[in-house]
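>>> Pasted the sequence and its predicted model underneath.
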Amino acid sequence: MKLKYLVFSLVLLFFYSSNLEAQNNYTQIGKSIGQLHFDNVKYYSSTEKSLSEFKGKITILDFFTAGCASCFESMPKISKLRKKYKDKLEIMMIGLDDRNLQAVYDKYRKKWDLDIPVAFIPKKQWNLFDIIGVPHIIVLDKEGIVKTKIISFDEKLIESLLAGQSINVLEIQSSAERIKSAASYDHKKPFLINGNGGNDTSYLFRSLISKWDGKIIDRPFYTMINQNEMSGAKSRLDLIGVPLIHLYKLAYGDTLHPYPSLSPGIQASSYGSYWKHPLLQVRDSSQLDRSWLSKSNMYNYSLTVPPSHATTDRIQKIMQRDLENYFGYTATIETREMPCWYLRVRNKDVFKLRSGNRSKEQVMQERTPTERTDMAVLNAPIAELILYLSYNDQNGPPIIDETGIDYKIDIYIEGLTSDINDLNNGLKKNGLELVKGVKPMKVVIIRDLKSEPSSK
C-alpha cells in the first residue's frame, strides 16, 4: 500500500512540475515573454501598453505589491536610473492591483517625486508570471527574450546589459525549479553527506565550509544558533547561503532572540542590548561585503558534534576557530555608544490610549479609526507597538521604551509604514514620540589577525 502511494505521489509531482513548465514557458530564461498586454498603465504617455512595443530596447519589469516595503524603498533609486537611461532602455513597475495599491503608490510617488510608469494588473494576469515573492524583476533583451530574473538591479548591471556583456547574478528560480531544488536537499540529513544537496567532495574546510551556489535555496536564509536544535540526536548546525559577515555575527554575537520581545520578563531578547550589524576594522573589506545581486561572499556552514558538545558556547567557539583558520579574521565583543530611538511620552494625549482590556472587536466598535490609518495596535502592550515599528524600520536603530506605560493600549497611527519619520509624526498625534539618542550596546568588531612575529 505504501509503495502504491509513493508511486502515485511521484507521478503527481511529475505532472505538476511539467504543467508548471508548460504554463510559464514564456517567463523562462531564454524564452520569449510573449504578446502580453497591460490595459491599466499610469504615469506614462499612454494608458495601455503591449510588451511587443518595447522591442528594440532592453526592458526591465519590476513587480511589486502593497506589502513589499523593500520594493517601495528601492523606487527613488529606480526613478533616478530610469531618468538617466530612458533613451537606452525602458523600466516599468508592475503592481498587483489589490489592497488599494494604486492609492498607496500615488502617496509615495508624490512624496519622492517618482517618474516611473506603472502597470496595475489583476491577480489572474499576475499569476502568469510565476511569481513566488517580491521583489521579482524580469529583464528582457531587445527581442523580448527573458534574459534573467532577479530580485534587484543597479547601475552596474544596466551598464553590463547595454554593453552586451555576460552577467553573473543570483537568478530567481521558477516553480518547477523549486520543486526540483526541494527534492535535491533533505533538511533532516547532514548537508552534502551522500550527495544531500550537492557533491560531497566540494568541501572547503571540514566541519564543513563550502561556497554557496544558489541552487538549494534561491534566497539566503539563516537563523540564530538555537541550543534546542543542537541537543540529543540533532547535534548538528546547518547554515545555508549565509554572508560571511553574518557567519561572524553568529559565531561571536549573542544567541538570544534578536527582535523586540512581547514579554520582556519572560522571553529574553538581545534587541537594544546588541548592535545588529558587526563593525569592520580590516584593511580590505571586499571579502566581507554582501550583495543580494550575486553569490559572492556567501557560504554554507555545517557542523556535527557529539551531544556532549552541543552547547551554544561550545558551538560558537568551534565556529570562531573555523572562521579564523580559513578566512583570517578574528572578532571581539566591545561595548560602544550606538544610535537608537527612545520612545517617550510627549504630552497628556497619551492617557487616551488606555485600552481597558477590551477585545479587538469591542475596540473597533467603540472607537472610530482616523480617516487614514496606516498602523493599528489594539488591546496590546507597548512592546507590541515597538515590535510593529521596528518591523517597518528593519535597517534602522533599535527602539527603546522609556514611556513607563504598563497597561494595554489602543493606538491608530497615520504614516507611511516604510518611513520611520512619517510614523513618528503619527505617534506625536497620540502623545508619543521617537527621540534620537545613543545607548551603550555590545558590538561585534571584526579585525584582521595580527601577524606573527618572524623568527630569526
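Thanks, I have it.

>>> Every contact and neighbour count from this point should use C-alpha atoms.
Fine.

>>> mind listing what the spatially most central residue of the chain touches?
Centroid-nearest residue in the chain, with C-alpha atoms, centre = their mean: residue 70, separated by 7.9 Å. Going by C-alpha atoms under 8 Å, 6 or more residues apart in numbering, residue 70 touches residue 135.

>>> Following element in sequence after the helix or strand encompassing it, please.
Using DSSP states H and E, residue 70 sits in helix 69-73. If you walk from helix 69-73 toward the C-terminus, the next helix or strand you reach (DSSP H and E) is helix 75-85.

>>> How far off centre is the helix or strand following that next one?
Sequence-wise, the next helix or strand downstream of helix 75-85 (DSSP H and E) is strand 89-96. The chain centroid and the centroid of strand 89-96 are separated by 21 Å under C-alpha atoms, centre = their mean, to the nearest Å.

>>> So for strand 89-96, mean pLDDT?
Across strand 89-96, pLDDT averages out at 95.

>>> Now do it and helix 75-85, the angle between them.
Counting by axes from the mean of the first three to the mean of the last three C-alpha atoms, to 10 degrees, strand 89-96 lies at 150 degrees to helix 75-85.

>>> which residues touch the very next helix or strand once past strand 89-96?
Using DSSP H and E, the next helix or strand after strand 89-96 towards the C-terminus is helix 101-112. With contacts defined as C-alpha under 8 Å, 6+ apart, helix 101-112 is touched by 65, 66, 72, 76, 95, 114, 115, 120.

>>> I'd say residue 288 and residue 244 touch.
Yes - counting by C-alpha atoms under 8 Å, residue 288 does reach residue 244; the two are 5.9 Å apart.

>>> Give the residues shared as contacts by those two.
residue 297.

>>> quick one, what contacts residue 152?
By C-alpha under 8 Å, 6+ apart, the contact list for residue 152 reads 135, 136, 137, 292, 293.

>>> now those in JSON lines, with pLDDT and distance to residue 250?
What follows is the contacts of residue 152, written out as JSON lines (pLDDT from 0 to 100; distance: C-alpha to C-alpha, whole Å):
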{"residue": "135", "pLDDT": "92", "distance to residue 250": "26"}
{"residue": "136", "pLDDT": "94", "distance to residue 250": "29"}
{"residue": "137", "pLDDT": "95", "distance to residue 250": "31"}
{"residue": "292", "pLDDT": "66", "distance to residue 250": "19"}
{"residue": "293", "pLDDT": "71", "distance to residue 250": "23"}
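
>>> and which of those is nearest to residue 344?
When the contacts of residue 152 are ranked by distance to residue 344 (C-alpha to C-alpha), residue 135 comes first, at 34.8 Å.

>>> picking up where we left off before, please identify, among the contacts of helix 101-112, the one with the most neighbours.
Neighbour counts for the contacts of helix 101-112 peak at residue 120, which has 23 neighbours (criterion: other C-alpha atoms under 10 Å).

>>> who does that one bridge with?
Bridge pairing for residue 120 (DSSP bridges) gives the partners residue 95.

>>> Distance check, residue 174 against residue 64.
From residue 174 across to residue 64, the span is 17 Å (C-alpha to C-alpha, to the nearest Å).

>>> buried residues in stretch 37-45?
By 16 or more other C-alpha atoms under 10 Å, the buried positions in stretch 37-45 come out as 38, 41, 42.

>>> Residue ranges in the stretch 1-150 of the chain under the pLDDT threshold?
Scanning the stretch 1-150 of the chain for pLDDT under 70 picks out the ranges 1-26.

>>> Can you list which of the contacts of residue 152 are found in helices?
Residues of the contacts of residue 152 located in helices (DSSP state H): none.

>>> ok, of those, which one's closest to residue 397?
For the contacts of residue 152, the nearest to residue 397 is residue 292 (21.6 Å; C-alpha to C-alpha).

>>> quick one: the strands in the stretch 251-400 of the chain?
279-281, 298-304, 329-345, 375-380, 399-401 (DSSP state E, counting those that start in this stretch).

>>> Which among those is found nearest to residue 411?
The closest of those to residue 411 is strand 375-380. By C-alpha to C-alpha, the value is 5.3 Å.

>>> and that closest one, what does it pack onto?
helix 360-366, strand 409-413 (3 or more C-alpha pairs under 8 Å, 6 or more residues apart in numbering; DSSP states H and E).

>>> mind redoing it with 10 Å?
If you count contacts as 3 or more C-alpha pairs under 10 Å, 6 or more residues apart in numbering; DSSP states H and E, strand 375-380 packs onto helix 360-366, helix 382-391, strand 409-413.
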